[in-house]
Every structure is written in C-alpha cells, then in structure tokens.
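Trainee: Next comes the sequence, and after it the predicted model I'd like to discuss.
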Amino acid sequence: MDKNMSSKFENILITGASSGIGEALAVYYAENGAKNLFICGRNAERLERTSQLCRQHGASVYTKVLNVTDKSLVDEWVKECDNIAALQLVIANAGVATLEETTENVYNTFNTNIFGVLNTIHPALDIYKQRSDSGPRAIAILSSIAGYHGLAACPSYSASKVCVKAYGEALRAALIDSGIQVNVICPGFVKSRITDKNTCPMPFFMSAEKAAKIIACRLEKNVGLIAFPWPMRLATWFVSILPNCISNYIYAKLPHKV
C-alpha cells in the first residue's frame, strides 16, 4: 500500500496509540484514507499529539484516555466507537515492558499484555458477529518476535507475547469461516517508549513509521502472521524448534533487559 493508495479500512480503533507503533499506525492510516480513527492511551498529552497529526490528513479522530486493563471501560468505549462509525479494524496494540521482574511488575505485564488484548478484541468480536453487512471486519493483535519462545532475558514480557500469539493464531483458524479477519503481529525491535528503556543490543532496529507501513500493507493482504524483520523471525523460529536443553542454553546467554 503506497502513500497515495487508500486502505480498505476506513473506521479503525487502535489502543496504545499515544506513542510507538500505535501512534505510527494511526498516522499512517490517516495518510491513507481512514475516515474515522478511534485511539486511546494513558497519557492525554501524547494522545492529543497523535490526534493532531492524524487530523492534518483529514481524518476524524476520537480520543479516549483509558487503561486497557479496565474491562468494563474498554467494553463501553469499543461499543461507543462502533455506534459512531461501524468498526472495520480493531488493533489491540497497547502493551508494557516488565523491566525489573518484581511481583507487581509481573502482574502488570500480564494484565496489560494479555487481558488488555482480550478486553479490546472481545467487544469487537461480539459486534462483528452480529453484523450482517459485507464490509471488512478485522482484528489485529500485537505480539512480538519475543512471542516465539519464553526468554530468560524478559520472562514475563515474552510469556505474555507467547500467549497472545498462540491465542490469535488459534482464533484466526476458529473464525476462518465467519468472514472475520484475525491477524497476529510480531515485530522485532521498533523505536518506542519500551525500546527507549532497553540497554541490551537491538539488532535490525527500525523506526515505528517503517514498522507501521509493513504492518498496514500485510493487514491489507490479510497475512495471518505478520512477523518481521525476516532474519530475526527465521532465527527465533529456528531456535524455538530446537530441543529445550539447547534452546534454553542459547536464550540464557542472551543479554538481559535492565
């Protein structure tokens, strides 16, 4: 999808849109013909900045400051958005890094990266299943290259991404005859507030804008598993199929995120 080509998705909801991939996706879709963008985040100032960037390209933008771990609030918000304009693409992007593996941080990681995803996609799925029109009905789940295997360098983060990757892949297969598109996104290292805190090496590091273009183009083609860059995908996949005694040894030697 080029900058001058319109997306098939006109009404799009994105969580975690105040920075990183979420912000870049919102701006990219605004540039490529989105009519209505529904974006949320936890920081009002950053969210408003994203909104202003999107409005410059003519999109109608509706913002909401919320935490995706609040199930009832997210459910209400998704339904409100659909009442304004029938949702065609819902991107469950919001996520957090664990940093220090304290009990509190571990629970926060799982609550945000797993239950935050579920809180976002299930209201949308309920809406999609009741809809009789022939327009696009898509769900996109942000996992990570770290979702190919549990990592000693970031146990909670990688485990949460393994979970949503597996769930999204299974959900795609379960809904294949329903006309509902489900895609799982597994980026490598992308410029964001999460990677800004990393002190470990980040091979094939890329901008959020480049990642957003890759994701949007593959969502347009309904690629089930959108994993990039390919060298990291190949390497992580290969290590994930090795015997545990070997893969665990390799992963244990990787630099820890601190």
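Mentor: That came through, no problem. Numbering: from 1, shown residues only.
Trainee: Every contact and neighbour count from this point should use C-alpha atoms.
Mentor: Will do.
Trainee: Now for residue 158: which residues touch it?
Mentor: If you count contacts by Cα atoms under 8 Å, 6 or more residues apart in numbering, residue 158 has them with 144, 146, 147, 149, 150, 151.
Trainee: buried sites along whichever strand or helix holds it?
Mentor: Using DSSP states H and E, residue 158 falls within helix 155-174. For helix 155-174, the neighbour count (16 or more other Cα atoms under 10 Å) marks 156-165, 168-169, 171-172 as buried.
Trainee: Can you lay out these as TSV showing pLDDT?
Mentor: Below are the buried residues of helix 155-174 laid out as TSV (pLDDT from 0 to 100):
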residue	pLDDT
156	96
157	94
158	94
159	97
160	98
161	97
162	96
163	98
164	98
165	98
168	98
169	98
171	98
172	98
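Trainee: ok, those vs residue 250, which is closest?
Mentor: Residue 250 has its nearest neighbour among the buried residues of helix 155-174 in residue 158, at 15.2 Å by Cα to Cα.
Trainee: From residue 89, how far out is that closest one?
Mentor: Residue 158 sits 25 Å away from residue 89, going by Cα to Cα, to the nearest Å.
Trainee: repeat for residue 73
Mentor: For residue 73 relative to residue 89 (Cα to Cα), the value is 19 Å.
Trainee: What strand or helix carries the closest residue to residue 92 other than its chain neighbours?
Mentor: Take residue 92 and drop its neighbours on the chain: the residue closest to it by Cα to Cα, 6 or more residues apart in numbering is residue 141, 5.0 Å away. Using DSSP H and E, residue 141 sits within strand 138-142.
Trainee: cool, residue 45 as well?
Mentor: helix 44-55.
Trainee: Can you check what angle separates the helix holding residue 158 from strand 138-142?
Mentor: 160 degrees (axes from the mean of the first three to the mean of the last three Cα atoms, to 10 degrees).
Trainee: Go ahead and produce PDB holding the CA coordinates of helix 155-174.
Mentor: What follows is helix 155-174, C-alpha atoms only, in PDB (Å, rounded to 0.1, in the frame of the first residue of the first chain):
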ATOM      1  CA  PRO A 155      10.300 -13.900  31.200                       C
ATOM      2  CA  SER A 156       7.000 -12.000  31.800                       C
ATOM      3  CA  TYR A 157       7.100 -10.000  28.700                       C
ATOM      4  CA  SER A 158       8.000 -12.900  26.400                       C
ATOM      5  CA  ALA A 159       5.400 -15.200  28.100                       C
ATOM      6  CA  SER A 160       2.700 -12.600  27.600                       C
ATOM      7  CA  LYS A 161       3.500 -12.300  23.900                       C
ATOM      8  CA  VAL A 162       3.700 -16.100  23.500                       C
ATOM      9  CA  CYS A 163       0.200 -16.200  24.900                       C
ATOM     10  CA  VAL A 164      -1.400 -13.600  22.700                       C
ATOM     11  CA  LYS A 165       0.400 -15.000  19.600                       C
ATOM     12  CA  ALA A 166      -1.000 -18.500  20.200                       C
ATOM     13  CA  TYR A 167      -4.400 -17.200  21.000                       C
ATOM     14  CA  GLY A 168      -4.500 -15.000  17.900                       C
ATOM     15  CA  GLU A 169      -3.400 -17.800  15.600                       C
ATOM     16  CA  ALA A 170      -6.000 -20.200  17.100                       C
ATOM     17  CA  LEU A 171      -8.700 -17.500  16.900                       C
ATOM     18  CA  ARG A 172      -7.900 -17.000  13.200                       C
ATOM     19  CA  ALA A 173      -8.400 -20.600  12.500                       C
ATOM     20  CA  ALA A 174     -11.500 -20.800  14.600                       C
END
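Trainee: By neighbour count, which bits of stretch 209-229 are buried? Give me those.
Mentor: 209, 211-216, 218-219, 223-229.
Trainee: quick one, helices of the stretch 151-258 of the chain?
Mentor: For the stretch 151-258 of the chain, the helices defined by DSSP state H, counting those that start in this stretch cover 155-174, 208-220, 230-240, 244-252.
Trainee: pLDDT of the shortest one, averaged?
Mentor: Mean per-residue pLDDT for helix 244-252: 77.
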